[in-house]
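Peer 1: just coords:
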């Protein structure tokens, strides 16, 4: 979101982000000097958020409204009748449960849907969304922003306990079956049997991990290394020495999140 907004504004397009003023995104946008306006959405049925968004769109004379998340997309019906184009981006590759909901959200209340992969496109088609609405635009990042100096690279290896000549495989993604972490572990087993030992770092939150003591942890509370959920399988496959356990700072983020209820 930050990268897209930066690009649009730097290429002469006026792009304003409606975001929770308490959130990290709004803070980062303000720091960068990019335009933002406050919009707090409590849930998918937040009537007040829908009315506020409609007022913002009418007052700002916008031409295109881009919904980047499912919660934002749920507000699209509130913009009916306005002279704007509505675009929704879909990143999840699981099928929409109800064809009626799929038609309501992805056909009746948007002009176009961006699927970030062919898998997402296929899931939407399976849910009954017309191909005329769908456009595949793969997600991308500016890798140059994440280039680090050699001394920083060496420092991070030392912090993580990784030897200078050790190769590292990094897997980042929600600890859900469809993300394919089990495929990585199977591959690691085969590689190890053939004498190739790599170090594996796996980071991501399980969908069920946000439920702690009957409360829901807010997504902004931080992702942590999900070692608890994989350590049994890792031990079973004899990979315990190859798979990195919890990083201290991620564990602290998880601990701080406990007891905090999402809005």
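Peer 2: Now that the structure is in, tell me what you want to look at. Since this is a predicted model, take the numbers as computed values, not measurements.

Peer 1: And the spatially most central residue of the chain, its phi and psi?
Peer 2: Geometric centre of the chain, nearest residue: residue 91, 8.0 Å, by C-alpha atoms, centre = their mean. Backbone geometry at residue 91, expressed as degrees, to the nearest 10, gives phi -110, psi -20.

Peer 1: Give me the number of neighbouring residues for residue 156.
Peer 2: The tally of other residues near residue 156 (other C-beta atoms under 10 Å) stands at 11. Using the backbone N, CA and C atoms, a C-beta is placed for each residue, glycine as well.

Peer 1: With residue 100 instead?
Peer 2: By other C-beta under 10 Å, 10 other residues sit near residue 100.

Peer 1: swap in residue 137?
Peer 2: 10.

Peer 1: how close does the residue nearest to it when sequence neighbours are not counted get to residue 90?
Peer 2: Leaving aside its chain neighbours, residue 137 sits nearest to residue 114 (5.0 Å; criterion: C-beta to C-beta, 6 or more residues apart in numbering). To residue 90, residue 114 is 7 Å away according to C-beta to C-beta, to the nearest Å.

Peer 1: Show me what the residue nearest to residue 137 bridges to in the sheet.
Peer 2: With DSSP bridges as the criterion, residue 114 is bridged to residue 89, residue 135.

Peer 1: right, and it touches residue 133 too?
Peer 2: No - counting by C-beta atoms under 8 Å, no contact exists between residue 114 and residue 133, whose distance comes to 10.1 Å.

Peer 1: neighbour-wise, which of those two wins?
Peer 2: Just comparing residue 114 and residue 133: by other C-beta under 10 Å the higher neighbour count belongs to residue 114, 21 against 16.

Peer 1: Show me the strands in the chain, by range?
Peer 2: Taking DSSP state E, the strands of the chain run over residues 17-19, 36-38, 64-67, 85-90, 112-115, 134-136, 168-172, 199-203, 211-212, 215-216.

Peer 1: Enumerate every residue touching the residue nearest to residue 137.
Peer 2: Taking C-beta atoms under 8 Å, 6 or more residues apart in numbering, we find residue 114 in contact with 87, 88, 89, 90, 135, 136, 137.

Peer 1: for the last one, what are its contacts?
Peer 2: By that I understand residue 137. With C-beta under 8 Å, 6+ apart, residue 137 has these contacts: 114, 115, 116.

Peer 1: Quick check: which ranges of the chain have low pLDDT?
Peer 2: Low-confidence segments of the chain (pLDDT under 70): 150, 174-177, 200-263.

Peer 1: what's the domain layout of it?
Peer 2: 39-136, 148-257 (automatic domain parsing).

Peer 1: What ranges does the stretch 51-200 of the chain have for its helices?
Peer 2: For the stretch 51-200 of the chain, applying DSSP state H, counting those that start in this stretch gives helices covering 70-73, 99-103, 118-126, 150-160, 181-193.

Peer 1: Save those helices as CSV, and put in distance to residue 30 too.
Peer 2: Below are these laid out as CSV (distance: least, C-beta to C-beta, whole Å):
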stretch, distance to residue 30
helix 70-73, 19
helix 99-103, 35
helix 118-126, 31
helix 150-160, 27
helix 181-193, 36
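
Peer 1: Out of the ones you listed, the one nearest residue 4 is which?
Peer 2: Ranking those by distance to residue 4, with C-beta to C-beta as the measure, places helix 70-73 first at 13.8 Å.

Peer 1: And that closest one, what's buried?
Peer 2: For helix 70-73, the neighbour count (16 or more other C-beta atoms under 10 Å) marks 72, 73 as buried.

Peer 1: now swap in stretch 101-114 and tell me
Peer 2: Using 16+ other C-beta under 10 Å as the test for burial, stretch 101-114 gives 102, 103, 105, 106, 109, 110, 112, 113, 114.

Peer 1: what two of these have the greatest distance between them?
Peer 2: It's 103 and 114 that sit farthest apart of the buried residues of stretch 101-114, by C-beta to C-beta, at 17.7 Å.

Peer 1: could you redo the strands of the chain as a markdown table and give each row distance to residue 53?
Peer 2: Putting the strands of the chain into a markdown table (distance: least, C-beta to C-beta, whole Å) gives the following:
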| stretch | distance to residue 53 |
| --- | --- |
| strand 17-19 | 7 |
| strand 36-38 | 10 |
| strand 64-67 | 8 |
| strand 85-90 | 11 |
| strand 112-115 | 19 |
| strand 134-136 | 23 |
| strand 168-172 | 31 |
| strand 199-203 | 33 |
| strand 211-212 | 29 |
| strand 215-216 | 24 |
